[in-house]
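S.K.: no sequence for this one, just the structure:
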Ligand SMILES: O=C(O)CCC(=O)C(=O)O
Ligand SMILES: [Fe+2]
């Protein structure tokens, strides 16, 4: 690969009130389908229960946390599992591509078109005021949707196999993001969001 060609480096995506940048293929030592297979096999996937309006409900996806820093969420402190060699390799590639450092990763597995992620901002205090969050996707393409908090503005991005999306600056303050359920059949997708937790 030509390291100096435009498609080998992060390309900014113009957006108001925040920063977004995209790289179609994160450089890794093995093909995307091999990474996906290993992630499915090696990660301690869990079907978490959440409480929505006081009712216990299964999250519409599988998830797992890995890294070096514990974090608090909804009044509970979670202790992540230590990075695996594969997660270390992906983290190194993401740090190389973005010039940022990360110490934890949230993994989400969307088993099919019925799995989804509700609209939210990644704005927990331990991420700091202008967090850089690096999102890497493997498997089926899903549409990542951003909705502005104050204006009727929507941005849609197709997150393809092997891609890297960097969210930074004031993006989390001004925009929410999510992955909708779809009606057309979709295969399995794994997404990793690398974060720096203080
Ligand atoms: O699956 C995605 O692309 C989004 C994941 C996400 O927003 C998150 O993990 O906070
Ligand atoms: Fe998010």
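M.R.: Received it, and whenever you're ready, just let me know what you need. Keep in mind that what you see is a predicted model, and the values were worked out from it rather than measured. Ligands and ions are numbered 1, 2, ... in the order given.
S.K.: which one's the longest helix in the chain?
M.R.: The single longest helix within the chain, with elements called by DSSP state H, is helix 85-98.
S.K.: now for it, which elements pack on it?
M.R.: Judged by 3 or more C-beta pairs under 8 Å, 6 or more residues apart in numbering; DSSP states H and E, helix 85-98 is in contact with helix 32-42, strand 104-110, strand 133-139, strand 164-168, strand 189-195. In short, each C-beta sits where N, CA and C put it, glycine included.
S.K.: nearest to ligand 1, of these?
M.R.: strand 189-195 (3.4 Å; C-beta to the nearest ligand atom).
S.K.: flag the shaky bits of the protein, pLDDT-wise.
M.R.: Residues of the chain that meet the criterion pLDDT under 70 lie in 1-7, 73-76.
S.K.: how about the residues of it by ligand 1?
M.R.: 106, 108, 117, 122, 135, 144, 159, 177, 179, 191, 193 (C-beta under 6 Å from any ligand atom).
S.K.: so what's the gap between the longest helix of the chain and the chain middle?
M.R.: 13 Å (C-alpha atoms, centre = their mean, to the nearest Å).
S.K.: need the residues that contact it.
M.R.: 9-10, 21, 23, 26-29, 35, 38-39, 42, 66, 83, 101-102, 105, 132, 134, 136, 164, 166, 192, 194 (C-beta atoms under 8 Å, 6 or more residues apart in numbering).
S.K.: just the buried ones out of those, please.
M.R.: When neighbours are counted using 16 or more other C-beta atoms under 10 Å, the contacts of helix 85-98 contain these buried positions: 10, 21, 23, 26, 28, 35, 38-39, 66, 83, 102, 105, 132, 134, 136, 164, 166, 192, 194.
S.K.: so residue 184: helix, strand or coil?
M.R.: Assigned with DSSP: H, G, I helix; E, B strand; the rest coil, residue 184 falls in the coil class.
S.K.: for ligand 1, see how far away the residue located most distally from the centre of the chain is.
M.R.: Residue farthest from the centre of the chain, counting by C-alpha atoms, centre = their mean, is residue 54 at 27.1 Å. According to C-beta to the nearest ligand atom, to the nearest Å, residue 54 stands 24 Å off from ligand 1.
S.K.: contact partners for that residue?
M.R.: With C-beta under 8 Å, 6+ apart, residue 54 has no contacts at all.
S.K.: before we move on, what about residue 32?
M.R.: So residue 32 contacts 138, 139, 161, 162 (C-beta under 8 Å, 6+ apart).
S.K.: would a markdown table of those residues with neighbour count be doable?
M.R.: Below are the contacts of residue 32 laid out as a markdown table (neighbours: other C-beta atoms under 10 Å):
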| residue | neighbour count |
| --- | --- |
| 138 | 27 |
| 139 | 23 |
| 161 | 17 |
| 162 | 20 |
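S.K.: can you name the two of these that are farthest apart?
M.R.: 139 and 162 (9.5 Å; C-beta to C-beta).
S.K.: follow-up on the earlier one: the longest helix of the chain: which residues count as buried?
M.R.: Buried-residue list, helix 85-98, by 16+ other C-beta under 10 Å: 86, 87, 90, 91, 93, 94, 97, 98.
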